[in-house]
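Chemist: What follows is a predicted protein model with its sequence.
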Amino acid sequence: MVQPTSYLVLAALLFGIGTAGLLVRRNPLVMFMCVELMLNAVNLTFVAFSRQLGDVAGQSIVFFVLVVAAAEVVVGLGLIVAVLRRRPSADADDVSLMRG
Amino acid sequence: MTGAFTFDFGVETVTFFLAAFICVGGALGVVMSRNPVHSALSLVATLFGVAVLFIAQEAYFLAAIQVIVYAGAIVVLFLFVIMLLGVDRVESFARERQPIGLAVGVGAGIAVSALAALPLLVGEGSRITGEPAVTGALTGDELARLGRSIFTDYVFAFELTSALLVIAVVGAVVLSRRTREEPIDLDEFPAPPEPEPEPELDLGFPEGGPADAEPVDAEVER
């Protein structure tokens, strides 16, 4: 049996890759994909703990994370389309009007 | 207590390493691909690997909806938007080559990974502490237990997700609709500024030959 620690380390690795991608990439679509990576890493953590502790609550939370991720992608892609309709070839650095 | 990383080379270990390899490779592909289509396809690989890991941990229902919702719906939505915007048009790598930003981003990623993983790697034994749950153990009818948990313990959150989905749908429609005054523009997503025209090829046609008779239509370039 694989120790749950292995799953947690793998999830940490995935989360770190997603973080690096979110910070490095400037294409808003790829940035969204990196957010999905991070969400998946967290899901993996939840399932690992759920199995280790014998509690189904972790899997329930993964279910809700999936729903939130779907809603987030829908609204985010709508925003990207709305921005690129007015500003073709815009990347994440060009959308800086509300920057503090 | 055995160490945190003692593996017997059974089926689950082999499965874990295969799926982990696919996951990490796909994640690196998402981050490092220059083409967003390749990023999306690498994301499919990662999601599939995570689904395999879900199965390895006996979360069969989550593995199924992982494949259906993520790989089937979300990635297709990504690809749809990429194609809608034009693959070559959303690319802008001019500013990504700054080495300082690159180093900061990669360093932050490594730092986050290390922060999460180092407490697990250092020391002996499993780092997962806490008591096993007294109710809701994952034995037997897993899907029925999951459903009972969602519809009893988390029923309020479940109702909130329905509201969230309605809000997301309305928000997407509002974001993407156009006002009545704004006419439908068939030339939506106009092309970025034209690059330098390439020097004309000397094909050896005589003056007034076929090269001059039909100027190349700019629409073909789109």
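Modeler: Great, that's in hand.
Chemist: where does chain B have low pLDDT?
Modeler: For chain B, the stretches flagged by pLDDT under 70 are B:1-8, B:87-98, B:123-140, B:179-222.
Chemist: scratch that, chain A is what I was asking about
Modeler: A:1, A:88-90, A:98-100.
Chemist: The lengthiest helix in it - contacts with which helices or strands?
Modeler: Determined from DSSP state H, the single longest helix within chain A is helix A:57-86. Helices and strands touching helix A:57-86, by 3 or more Cβ pairs under 8 Å, 6 or more residues apart in numbering or on different chains; DSSP states H and E, are helix A:28-53, helix B:60-65, helix B:75-85, helix B:142-148, helix B:155-176. In short, each C-beta sits where N, CA and C put it, glycine included.
Chemist: Now with 7 Å, please.
Modeler: helix A:28-53, helix B:60-65, helix B:75-85, helix B:155-176 (3 or more Cβ pairs under 7 Å, 6 or more residues apart in numbering or on different chains; DSSP states H and E).
Chemist: Most tightly packed of the ones you listed?
Modeler: helix A:28-53 (a mean of 23; mean count of other Cβ atoms under 10 Å in any protein chain shown).
Chemist: quick revisit: now the longest helix of chain A: buried residues?
Modeler: For helix A:57-86, the neighbour count (16 or more other Cβ atoms under 10 Å in any protein chain shown) marks A:57-64, A:66-67, A:69-85 as buried.
Chemist: Then stretch B:102-112?
Modeler: For stretch B:102-112, by 16+ other Cβ under 10 Å, it's B:105-106, B:108-109, B:112.
Chemist: what's the distance between residue A:26 and chain B?
Modeler: As for residue A:26, its distance to chain B is 5 Å (criterion: Cβ to the nearest Cβ, to the nearest Å).
Chemist: ugh, typo on my part, it should be residue A:32
Modeler: 7 Å.
Chemist: Quick one: residues contacting that residue.
Modeler: Applying Cβ atoms under 7 Å, 6 or more residues apart in numbering or on different chains to residue A:32 gives the contacts A:73, A:76.
Chemist: go with 8 Å
Modeler: Contacts for residue A:32 (Cβ atoms under 8 Å, 6 or more residues apart in numbering or on different chains) come out as A:73, A:76-77, A:80, B:78.
Chemist: out of the buried residues of stretch B:102-112, who's near chain A?
Modeler: B:105-106, B:108-109, B:112 (Cβ under 8 Å from any Cβ of the partner chain).
Chemist: So residue A:93: helix, strand or coil?
Modeler: Of the three states, residue A:93 takes coil under DSSP: H, G, I helix; E, B strand; the rest coil.
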